[in-house]
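Show me the folded form of this:
(chains A and B)
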Amino acid sequence: MDRPPGFWPLALLFGLFVLFLYGPTLTILILSFQGPEGGLTFPMRGFSTHWYGKLWEGLGVVDIWAAFRRSVRLGLVVMVLTTLFALSAGYAFRRRFRGQGALFQLTIASLIVPSIVVSLGIALEFRLIDDGVKALGEAYGIAWITEDYATAMGLFTSGLGAHLTWTLPFGLLIMFAVFNRFPGNLEEAARDLGASPRQVFQHVVLPVIAPSLIGVALFGFTLSWDEVARSSQALGDLNTLPLELQGLTTTVTTPDIYALGTLTTGVSVLVIGLAFGAVQLWRRRDRCLAGRQAPPS
Amino acid sequence: MSSSPPEAGALPAVTSAAVAQAPLWQAAPLTLVLLGFFVFPLLATAVVSFWDYTEYALIPDFTFRNYHEMFQGCADFSAGGCTTLRTYLSTFRLCVMVWAITLVLGVAVAYFLAFCVRSDMLRMALFLLCTAPFLTSNIIRMVSWVPLLGREGAINRGLMQIGLVAEPLEWLLFSEFSVVLAFVHLYTLFVTVPVFNSMLRIDPRLLEAARDAGAGFWRTLWHVVLPLAKPGMVIGSIFVIVLVMGDFVTVGVMGGQQIASVGKIIQVQMSYLQFPAAAAQAMVLLGLVLLLIIALTRIVDIRREL
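This next block holds a predicted model:
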């Protein structure tokens, strides 16, 4: 068969690139099953789930499972909000409205301003809020502030905000791509038949774009689940799992960190798999409905 | 497709006032999140960068102390310049290396996917294969280099076994090499995806025409494919440059805390609660990055690419 020019060298390069992408991850997957006497590198000294057991008991000083649960909770909230907000904004962008250009540029800016700058800014903002609240409390002698108030920073205030500045731009860009390809005549037909804007959205738009929404949700969860840079200064006292992991890289000297790494990758892969499964199911449902309505041949 | 904000599939005009207001409400959640967690924080950073501070408190003020301290001694080249300048140069060096490698590699991978794979199914499958790692943890992807690159790692063992080196190579891990390697590993995707997107829009008949006119592989690449893929290359470059310029995580984990970077300075100052100093540092970094982006966007209109 006639191959395009440059096929074989490029195919080789591509193969090496994929190996480069996946090789290291597979390495720690294998090493996480290291025997009890094994170290951080090859050779394997036996094959066991010893280090997963260690991980299950927790990793010494760090309460890794609390961080795990925090990350899951935050990821789910970020996922839901990203999907809702991106869908709503993407829908808005199909028509002209005031400040449209500015909002678009702001969204892109949020994506490309260095994360450390955003993270620092959010930390500063909350520091200023805290100072303000405390000053207010002292000025008016409000007891719960002077005695109990520490900070407004937290997982679901500053942390959630930091994650959304990262996930929403991706969500909106996906929605743009979706609506750019959306068959507008469907909506027209629905309106001609007397559907209200709400009905058009609920019965025409939503079913068509549902698989893409699953994609947005997937991005929302996984980007939040793995986020480090923006969270780093903006979480307050309690860290998420990737931040704990970052700390562990300098202190842990046994393969349990590989077990933890394999586990977090496993969660990402599971979520990707679930998203794909959901999209497939949705498509099959569509085909199924279409088949039912088709006239008998 | 229109050039100003994407609005394809636009609906016919509806005159009712309530409906005309609808897009504003629909865009409100996004707007509020960005105002609260992006615009105000940046404003706060700008303001606080002119404040004074002690070990315990921020003191509202209008002083250039933070900027002054940052550039202290920078003009004195005999002493090797100031820390700030050296750090920026070292960050810039990393940035250029990573940018060059990711661009070449990213374009090559995108070219293969776009033009060398014939079946659409296979193309999408291979594309997903390349993008899936983006959805897994960067920290883990960095950590996974340790068993390969370390003193006792697989590569050193291999090299010693075949007798290429007598001593394990020290520069494989916790060095500039490992930092660049990790960046390339993490960020090539950011070039591949937009370039792939640009390349898919190139009419294959153009390539055929070039070949019929007698152009070889390289000439076609240089005069036909790359000019048309330029928008993707610019978008990818922006991503890579911004990610590397502001990085402190990769440099920290892969550099064994020995490589300097602007992001790390900010992080360290934050950990000492020197907020105004960190804010000034952040403003300078932001300014520099914006200049780079403006220079790059001169080459291409990003909005047309969506």
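
Could you use CA atoms for every contact and neighbour count after this?
Will do.

any idea which helix is longest in the chain?
You didn't say which chain, so I picked chain A. What stands out as the longest helix in chain A, according to DSSP state H, is helix A:256-293.

oops, chain B please
Max-length helix for chain B by DSSP H is helix B:83-111.

Could you check it and say which residues are buried?
B:83-88, B:90-92, B:94-96, B:98-99, B:101-103, B:105-111 (16 or more other CA atoms under 10 Å in any protein chain shown).

For that helix, the averaged confidence score.
For helix B:83-111, the mean pLDDT works out to 92.

How about it and chain A, any contact?
Yes. Helix B:83-111 comes into contact with chain A (CA under 8 Å from any CA of the partner chain), by way of B:108-109.

helices or strands up against that helix?
When contacts are defined as 3 or more CA pairs under 8 Å, 6 or more residues apart in numbering or on different chains; DSSP states H and E, helix B:83-111 packs onto helix A:7-31, helix B:176-200, helix B:226-245, helix B:262-271.

buried sites along stretch A:277-285?
A:278-279, A:282.

can you redo those as a markdown table with pLDDT and distance to chain B?
A markdown table is the format used below for these (pLDDT from 0 to 100; distance: CA to the nearest CA, whole Å):
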| residue | pLDDT | distance to chain B |
| --- | --- | --- |
| A:A278 | 87 | 17 |
| A:V279 | 85 | 15 |
| A:W282 | 84 | 19 |
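
closest to A:G15 among these?
Closest approach to A:G15 among the buried residues of stretch A:277-285 (CA to CA): A:V279, at 28.3 Å.

ok, how many other residues are close to the closest residue to chain A within the stretch 201-306 of chain B?
Closest residue of the stretch 201-306 of chain B to chain A, CA to the nearest CA: B:G246 (5.0 Å). For B:G246, the count of nearby residues is 25 (other CA atoms under 10 Å in any protein chain shown).

cool, and B:A295?
For B:A295, the neighbour count with other CA under 10 Å is 11.

Now B:T102. Nearest residue, chain neighbours left out?
Once flanking residues are discounted, B:T102 sits nearest to B:T188: 4.8 Å by CA to CA, 6 or more residues apart in numbering or on different chains.

Quick one: low-confidence residue ranges for the stretch 1-150 of chain B.
B:1-20, B:77-81 (pLDDT under 70).

could you redo the last one with a cut-off of 80?
The stretch 1-150 of chain B contains residues with pLDDT under 80 at B:1-20, B:55-56, B:73-82.

Just the strands from it, written as ranges.
For the stretch 1-150 of chain B, applying DSSP state E, counting those that start in this stretch gives strands covering B:52-53, B:58-59.

how far does the first one sit from the chain's center?
Distance of strand B:52-53 from the chain centroid (CA atoms, centre = their mean, to the nearest Å) equals 32 Å.

just stretch A:256-264 next, same as before
Offset of stretch A:256-264 from its chain centre (CA atoms, centre = their mean): 19 Å.

and that stretch, what's its mean pLDDT?
Mean predicted lDDT for stretch A:256-264 stands at 85.

Any chance you could list what contacts it?
Stretch A:256-264 has contacts (CA atoms under 8 Å, 6 or more residues apart in numbering or on different chains) with A:25, A:28-29, A:31-33, A:51-52, A:54-55, A:245, A:248-249, B:136-137, B:140, B:144.

Any quick ChimeraX command for the buried ones out of the residues you listed?
Per 16+ other CA under 10 Å, the buried members of the contacts of stretch A:256-264 correspond to this ChimeraX selection:
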select /A:25,28,29,31,32,33,51,52,55,245,249 /B:136,137,140,144
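
among the contacts of stretch A:256-264, which are in helices?
Per DSSP H, those map to helices at A:25, A:28-29, A:31, A:51-52, A:54-55, A:245, A:248-249, B:140.
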